[in-house]
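**Student:** mind looking at a prediction? Sequence and model below.
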Amino acid sequence: MQIDIFTQVIVPVVGGLGIFMLGLEFMSNGIQNLAVNKMRALLAKIAGTPIKGVMAGTFITGVIQSSTAMTVMVVGLVNAGVIGLRPAISVIMGANIGTTLGNGLIALPLGPLGLFLAGIFALIYIFGKTDKVKNIALACMGFALIFYGLNLMTGGLRPLRAMPEVMSVISSLRADSYLGLLYCVLIAAGITAMIHSSSATIGIVMGLGAAGILDWKTAVAFSLGADLGTTITSWMASLNLTKNAKRAAYAHISFNIIGVAVTIPLFFVSMDVLSWAMQWFGGDPGQPVIVNGKETFPLIPVAIGLYSTFFNIFNAALLFPFVGVFERVLMKVGATATDEAEDYSQPRFLTPGAAGDPATAVPAVQRETGRYLEAALKFLDIAKGKPDAPDKIEEHYAAIDILNREIRSYTSGMFQPDLPYTRADLVASLIEEEDYTASLGETLYQIARRIERQPFGTSGRELVDGIVDQVADAMRAIVPIDQPNPPVTAEAAPRVALLPELRERCLRLGAELPWTERGAILALLGSAERAYFLIERIDAERRSVSRVVPVAASSQQTREAGDFGTAAVPA
């Protein structure tokens, strides 16, 4: 029988692949629009230990149906300092497990019914009135298109069995030896790396298997390679990010390489186990079924989905005990002398569970607030171009923003039921001080960012350095936080009185100062004025309520006394 390659093979295969990948995109986008912000917040909240990380990664990936999106999200959270490297490693392990749910769903034999369901949900999407309804419809439409696209691919690939030229090439791709197995794994990894979707590769392999182009063991071997190739996306996402973000991507790559390396020697044994397990899922995957007079292999997609699930669970169980080892090894990757710089995203003095004891909590909060101010002061080092200043201003800003949120959360936890007024007044004052310090940090960040973005000539640079020096001098009134007698006053009025002189110099420079530089300098004067008033307000807040802690040995005695002792915390 003569085969029309274009209409019988190319059109349904290319069209089916496009519809399949479009379905994946729709489903992922719909679910992520509904839940990704909540999932990100949940991940940042609960992924504190390796076990919780694996559970969070499995659950969230199962919900958003994209291990690629999940690993990219993890890399981004590590880059922002929201989660550390160790929990990120465990989350990526869980993501590998969670993505197997999608592979199992793809194996469901819905076939042409997918087009009917896609049409229904498309109408709901078009006529939906709310974003929630539209996103649900988009996810369901994508889910249905996955099956229709897979059905089209299977139908388009089936005629290839009647073409000796094609079958002679395909027959060389057989996982009947270790060399052939390795060849299949590498080809699948390369395809997945190019299209950035292990689910798409597995969908193609399922279509080839269901059409009888690939025998079931070879199809399973290709799915193993898809798990290896999917690591390329998280690596690409980390290229321009922090070293820890890169290390999280390297962890993803390491897991899958090690998992594949361990699984390949056990592959043929695992095929015997899989063949036995398939008794509970329909029987022999290599046994053809005649549908409408055509031979098909509907159990091969089921076998692929089952094996993919087993592989990722086995891999996570195998490597989970070595999370700490992975962290220690990865921390050495790309390590340089600059890595010794302090990580301001992590609190140093806030002891978990100690917020109820003012003897410990109050000085801890003050010291941590002092750290925040010291970190904020580094924005002026960036503005001055000092060699020991942080390299990336946005990264430094993200780090101290995280620190400020940690301080506020810890201080809020100091409020206890039936808290005496004096203690509540102190806690409230600490929170207000933290708010002013956060505003000051934001102001210094704006100064540094404006100077970094605007090149200045000689005249302009002289004015800018004068502004920065004055702000740095004012910061000496509150930094460091434990100085008993600050070398300068925190009063804003004398410093604000000097700003009109700088403004007049700026305006009188005329043509020497381009208008872009002039505008930036005038904006810097406004930021400097805000910084002066915030410094004065922080100092006043520290003096408004006495920073004292109880001298009683136990927190129980402190609660019974209902007040504080006489030991003062340095301010």
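**Tutor:** Yes, it's here. In this text the structure is predicted, and so the values were computed from the model without any measurement.

**Student:** from here on, contacts and neighbour counts on C-alpha atoms
**Tutor:** Fine.

**Student:** so which elements touch the helix or strand encompassing Gly209?
**Tutor:** In the assignment (DSSP states H and E), Gly209 maps to helix 198-210. Packed against helix 198-210, as judged by 3 or more CA pairs under 8 Å, 6 or more residues apart in numbering; DSSP states H and E, are the following elements: helix 11-46, helix 100-106, helix 131-157, helix 178-195, helix 216-229, helix 299-319.

**Student:** what about the second one, average pLDDT?
**Tutor:** For helix 100-106, mean pLDDT rounds to 56.

**Student:** likewise for stretch 190-197?
**Tutor:** 70.

**Student:** just the helices in the stretch 301-450 of the chain please.
**Tutor:** Here the stretch 301-450 of the chain has its helices, by DSSP state H, counting those that start in this stretch, at 323-331, 358-384, 393-412, 421-453.

**Student:** ok now the third one, how far from the chain's centre?
**Tutor:** In terms of CA atoms, centre = their mean, to the nearest Å, the centre of helix 393-412 is set 17 Å apart from its chain centre.

**Student:** hmm, who's touching it?
**Tutor:** Helix 393-412 is contacted by residues 80-82, 343-347, 350, 355, 365, 368-369, 372, 375-376, 379, 382, 390, 427, 430-431, 434, 438, 445, 448-449 when judged by CA atoms under 8 Å, 6 or more residues apart in numbering.

**Student:** quick one: buried ones out of these?
**Tutor:** Neighbour counting with 16 or more other CA atoms under 10 Å marks 80-82, 344-347, 350, 355, 365, 368-369, 372, 375-376, 379, 382, 390, 427, 430-431, 434, 438, 445, 448-449 as buried within the contacts of helix 393-412.

**Student:** quick one: which of the helices and strands packed on helix 198-210 is nearest Gly114?
**Tutor:** helix 131-157 (4.4 Å; CA to CA).

**Student:** re the thing from before, taking helix 131-157 as reference, get the angle to the helix holding Gly209.
**Tutor:** Angle, helix 198-210 to helix 131-157, by axes from the mean of the first three to the mean of the last three CA atoms, to 10 degrees: 40 degrees.

**Student:** quick one: buried residues of helix 198-210?
**Tutor:** 198-210.

**Student:** nearest to Thr516 among these?
**Tutor:** Ser198 (49.5 Å).

**Student:** what is the neighbour count of the residue lying closest to that closest one once chain neighbours are set aside?
**Tutor:** Leaving out its chain neighbours, the residue that sits closest to Ser198 by CA to CA, 6 or more residues apart in numbering is Ala226, at 5.0 Å. Applying other CA atoms under 10 Å, we find 29 residues neighbouring Ala226.

**Student:** follow-up on the earlier one: possible to save the buried residues of helix 198-210 as JSON lines with distance to Gln279?
**Tutor:** Shown next, in JSON lines, are the buried residues of helix 198-210 (distance: CA to CA, whole Å):
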{"residue": "Ser198", "distance to Gln279": "27"}
{"residue": "Ser199", "distance to Gln279": "25"}
{"residue": "Ala200", "distance to Gln279": "27"}
{"residue": "Thr201", "distance to Gln279": "26"}
{"residue": "Ile202", "distance to Gln279": "22"}
{"residue": "Gly203", "distance to Gln279": "23"}
{"residue": "Ile204", "distance to Gln279": "25"}
{"residue": "Val205", "distance to Gln279": "22"}
{"residue": "Met206", "distance to Gln279": "19"}
{"residue": "Gly207", "distance to Gln279": "22"}
{"residue": "Leu208", "distance to Gln279": "22"}
{"residue": "Gly209", "distance to Gln279": "18"}
{"residue": "Ala210", "distance to Gln279": "18"}
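
**Student:** quick one: which of those is nearest to Val471?
**Tutor:** When those are compared against Val471 (criterion: CA to CA), the nearest one is Ser198, at 53.4 Å.

**Student:** quick check: that closest one vs Thr230, distance?
**Tutor:** 5 Å (CA to CA, to the nearest Å).

**Student:** who touches both of the two?
**Tutor:** Shared contacts of Ser198 and Thr230, defined by CA under 8 Å, 6+ apart, are found at Thr192.

**Student:** so what's Ala477 up against?
**Tutor:** Applying CA under 8 Å, 6+ apart, the residues near Ala477 are 486-490, 535, 539.

**Student:** buried subset of the residues you listed, written for PyMOL?
**Tutor:** In PyMOL, this line selects whichever of these come out buried by 16+ other CA under 10 Å:
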select buried, resi 486+489+490+535+539
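
**Student:** ok, of the contacts of Ala477, which one's closest to Leu145?
**Tutor:** Ile535 (59.4 Å).

**Student:** mind giving me the packing neighbours of the strand or helix carrying that closest one?
**Tutor:** Using DSSP H and E, Ile535 falls within helix 515-544. Here helix 515-544 touches helix 421-453, helix 458-475, helix 493-496, helix 499-508, going by 3+ CA pairs under 8 Å, 6+ apart.

**Student:** so it versus helix 499-508, what angle?
**Tutor:** Going by the same axes, to 10 degrees, helix 515-544 makes 170 degrees with helix 499-508.

**Student:** buried set for helix 515-544?
**Tutor:** 517-518, 520-522, 524-525, 527-539, 541-542.

**Student:** what residue ranges in the stretch 1-150 of the chain score low on pLDDT?
**Tutor:** 1-3, 24, 28, 31-49, 62-73, 75-84, 99-112, 150 (pLDDT under 70).

**Student:** if I pick the closest residue to Ile521 other than its chain neighbours, what's in contact with it?
**Tutor:** Spatially, and ignoring its direct neighbours in sequence, Ile521 is nearest to Val464 (6.7 Å; CA to CA, 6+ apart). With contact set as CA under 8 Å, 6+ apart, Val464 has these partners: 451, 521, 524.

**Student:** Throw these into JSON lines and include distance to Phe314 and pLDDT, thanks.
**Tutor:** Output for the contacts of Val464, formatted as JSON lines (distance: CA to CA, whole Å; pLDDT from 0 to 100):
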{"residue": "Ile451", "distance to Phe314": "53", "pLDDT": "95"}
{"residue": "Ile521", "distance to Phe314": "60", "pLDDT": "94"}
{"residue": "Leu524", "distance to Phe314": "58", "pLDDT": "95"}
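
**Student:** where does pLDDT dip in the stretch 351-500 of the chain?
**Tutor:** In the stretch 351-500 of the chain, residues with pLDDT under 70: 352-353.
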